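Student: Just the structure for this:
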Amino acid sequence: MSSKKLYYFFLIFVLTFSSIKLHSKEVIIISKINNEIITNVDLENEIKYLLITSSNLKELSRKDLLELSKNSLIREILKNKEIKKFINVDKISNLEKKLIKQHYESLGFENKSNYINFLQNEGISLELVKNKLITEQLWNTLIYEKFKEKIKIDKSAIKKKIKIYKSRQKKLYEVNVSEILFNFDLSFNELNQFIKKYGFKNAAIKFSISDTSSKGGEIGWVNLNNLSSEVQEKINSLKIGEYTKPIKIPSGNLILKINSKRELKDQFDLDKETEKQVVFEQNRQLNSYSLNYYNKLKQNAIINEY
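Tutor: Numbering: from 1, shown residues only. Predicted coordinates:
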């Protein structure tokens with residue numbers, strides 16, 4: 001090969017190599033959970049996903065976003081590993097369409113096409129979203145199957161309580177509430193400062209150990225009668241947008257925020273109201289089992305930071 005040809009070959013090689021290096025991103029291992037790794041690329045993708053669930057997260061510092069995304073990925077990895085022990089994840093194709101439809105409707109999209117375009121513009125793959133939605137659904141299924149026999153609900157006691165509550169109230173109300181359930185080692189003062197700066201929803205996503213954290217702590221509409229007399233008293237003293245001081249429960253400290261309130265004007269149906277409260281109580285107990293189960297998984301996991 002002539003020196004001239006060799007020069008051109010070398011030049012092309014250098015330019016090509018430089019181009020690859022310029023357009024590629026160095027992959028760095030951030031954490032290792034048992035035998036699975038989390039990279040800097042995983043963290044960036046997770047941040048993108050979290051931002052579409054709550055645009056207000058953009059107000060968080062870079063450090064907080066990275067910490068939030070890392071904890072979210074650790075939770076997903078541990079849940080997935082446990083799910084695969086009990087559920088055949090290869091037989092869930094029918095579930096995907098349903099979950100994707102629910103997700104794009106929750107984000108305000110009327111069709112899948114616009115939703116996919118939105119994800120592409122945000123740099124998020126549909127596969128990533130699909131896997132996350134499936135993980136949460138299968139985790140809920142796993143928790144239900146494992147603990148359904150331990151759920152204790154006294155339907156007659158619930159019905160009796162509703163009757164007493166209705167007899168004492170001229171009007172019946174529902175409240176739309178959000179929650180933050182946080183560990184005892186986190187001070188309320190620190191949490192409160194964060195809420196004032198970044199909002200309740202972002203605080204729930206960052207600090208809450210409840211399953212509702214991924215939804216910004218949103219519980220939804222709750223009949224006041226579903227709540228204990230202590231919680232009812234605290235909520236009745238609040239204005240819309242305010243939140244309670246910490247309420248100590250076995251799994252941590254709980255604060256509740258009132259998003260809105262409405263009067264129940266429809267004809268009162270005792271049986272329907274009883275069924276609603278039975279479902280509410282079932283979900284409350286399942287959430288508690290889910291939290292305890294996950295905490296044990298995390299305690300037994302080998303988590304290394306790099």
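Student: who does Leu181 bridge with?
Tutor: With DSSP bridges as the criterion, Leu181 is bridged to Leu254.
Student: burial count for it?
Tutor: 25 (other Cβ atoms under 10 Å). No exception for glycine: its C-beta is placed from N, CA and C like everyone else's.
Student: Also Ser251?
Tutor: When neighbours are counted by other Cβ under 10 Å, Ser251 comes out with 17.
Student: how near is Tyr49 to Asn35?
Tutor: 23 Å (Cβ to Cβ, to the nearest Å).
Student: Look at the two and report which has more neighbours.
Tutor: Just comparing Tyr49 and Asn35: by other Cβ under 10 Å the higher neighbour count belongs to Tyr49, 19 against 8.
Student: Need the pLDDT of the residue lying closest to Tyr144 once chain neighbours are set aside.
Tutor: Using Cβ to Cβ, 6 or more residues apart in numbering and skipping residues adjacent in sequence, the residue nearest Tyr144 is Leu286, 6.2 Å away. Leu286 is assigned 94 on the pLDDT scale.
Student: what helix or strand is Leu286 on?
Tutor: helix 270-300 (DSSP states H and E).
Student: That helix packs against which elements?
Tutor: helix 62-86, helix 126-147, helix 155-168, strand 218-223 (3 or more Cβ pairs under 8 Å, 6 or more residues apart in numbering; DSSP states H and E).
Student: And it, how far out from the chain middle?
Tutor: Chain-centre distance of helix 270-300: 15 Å, with Cα atoms, centre = their mean, to the nearest Å.
Student: Equivalent analysis for stretch 237-252, please.
Tutor: 20 Å.
Student: Straight-line length of that stretch, end to end?
Tutor: Terminal residues of stretch 237-252 lie 23 Å apart, using Cα to Cα, to the nearest Å.
Student: I would like the residues contacting that stretch, please.
Tutor: 181-184, 188, 195, 200, 209, 230-231, 234-235, 253-261, 288, 291-292 (Cβ atoms under 8 Å, 6 or more residues apart in numbering).
Student: Mind doing that once more with 6 Å?
Tutor: Identification of contacts with stretch 237-252 by Cβ atoms under 6 Å, 6 or more residues apart in numbering yields 181-183, 188, 234, 253-258, 291.
Student: same thing with stretch 76-84?
Tutor: 33, 36, 135, 138-139, 142, 297, 301.
Student: Selecting buried members of these in PyMOL, what would you type?
Tutor: Burial among the contacts of stretch 76-84 is assessed by 16 or more other Cβ atoms under 10 Å; the matching PyMOL selection reads:
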select buried, resi 33+135+138+139+142
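Student: possible to save the contacts of stretch 76-84 as JSON lines with distance to Asn56?
Tutor: Listed next are the contacts of stretch 76-84 as JSON lines, based on distance: Cβ to Cβ, whole Å:
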{"residue": "Ile33", "distance to Asn56": "28"}
{"residue": "Glu36", "distance to Asn56": "30"}
{"residue": "Thr135", "distance to Asn56": "24"}
{"residue": "Leu138", "distance to Asn56": "28"}
{"residue": "Trp139", "distance to Asn56": "25"}
{"residue": "Leu142", "distance to Asn56": "31"}
{"residue": "Leu297", "distance to Asn56": "29"}
{"residue": "Ala301", "distance to Asn56": "30"}
